[in-house]
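[1] okay, predicted coordinates and the sequence, questions at the end:
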Amino acid sequence: MILATYAAGYHRLYRDDEEEINVVETESQFAVRTPQDMNNYLRHWWPCTLDFRTEAQRQSRTAVPVNNFDSIMREIRKHHNLDTVMWFGHATPGGEMQFGNSGVSFGPQGISSLQNSNVSQYFNSDGRIIIYGCNAGRNAAFAQSLANALRVRVCVFSRGIEWEIRWAPPQGRNRRIINRGVRGGVLPANPTCYVPQ
């Protein structure tokens, strides 16, 4: 069984589909982006909970919004014989999983709160947790500590996860987004996986 979870707290930054499409088009015109562009949602497109939810629903009939790391643990404990638990959201190179615009996050400092958090009994023998968050794999110590605490293989990516939107030609004055999710509809492959030690 696959359980797909996603960060629930990211509000859509754009007023409507047309504004969101315009940002994507404008961004693609820049050969080089400055740090200021990356922090300006009107110059750099950012996926939100709507995008994460769409991809989670594509991957599993059991797609659940989560507001923090404890929510993921509660969802895991509702199931048995899990093959894979996926989490879709924003992450940082420091190994921090982020859950929304409100600033809720879970990072290396949160590992100590996971004492006695063994969830291996809810997974099959090859079970794993995959974190689909950009650059979370750059902090190997975080991923290893998480695997050790949960007693389950934890898989992360040391690069960005590419997201996209697709839209239909205008009907009337505005265009409409018809598809969201990871680029090309294909999840990134070959994460780095950490086995509990």
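    Sure, I can see it. All figures in this text were calculated on a predicted structure; none of them were measured in a lab.
[2] got a list of what Met97 touches?
    Listed by CB atoms under 8 Å, 6 or more residues apart in numbering, the contact partners of Met97 are 7, 69, 87, 89, 91, 105-107, 131, 133, 136. Just so you know, the C-beta spots here come from the backbone N, C-alpha and C atoms, and that holds for glycine as well.
[3] among those residues, which ones are in helices?
    Among those, DSSP state H puts Phe69 in helices.
[4] tell me the most packed of the contacts of Met97, by neighbour count.
    Ala136 (31 neighbours; other CB atoms under 10 Å).
[5] thought Asp51 was touching Arg180?
    Yes. Here Asp51 reaches Arg180: they are 4.7 Å apart, a contact under CB atoms under 8 Å.
[6] any common contacting residues for those two?
    With CB under 8 Å, 6+ apart as the test, Asp51 and Arg180 both reach 163, 165.
[7] would you turn the contacts of Met97 into CSV with pLDDT?
    Conversion of the contacts of Met97 to CSV gives the following (pLDDT from 0 to 100):
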residue, pLDDT
Ala7, 97
Phe69, 96
Trp87, 98
Gly89, 97
Ala91, 95
Ser105, 93
Phe106, 95
Gly107, 92
Ile131, 98
Gly133, 96
Ala136, 93
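[8] for stretch 108-127, give the mean pLDDT please.
    In this model, stretch 108-127 carries a mean pLDDT of 91.
[9] span of that stretch from start to end?
    Taking CA to CA, to the nearest Å, stretch 108-127 runs 22 Å from one end to the other.
[10] over to stretch 23-41?
    Stretch 23-41: ends 8 Å apart by CA to CA.
[11] for stretch 165-176, same thing?
    By CA to CA, one end of stretch 165-176 lies 10 Å from the other end.
[12] I am finished for the moment; much appreciated.
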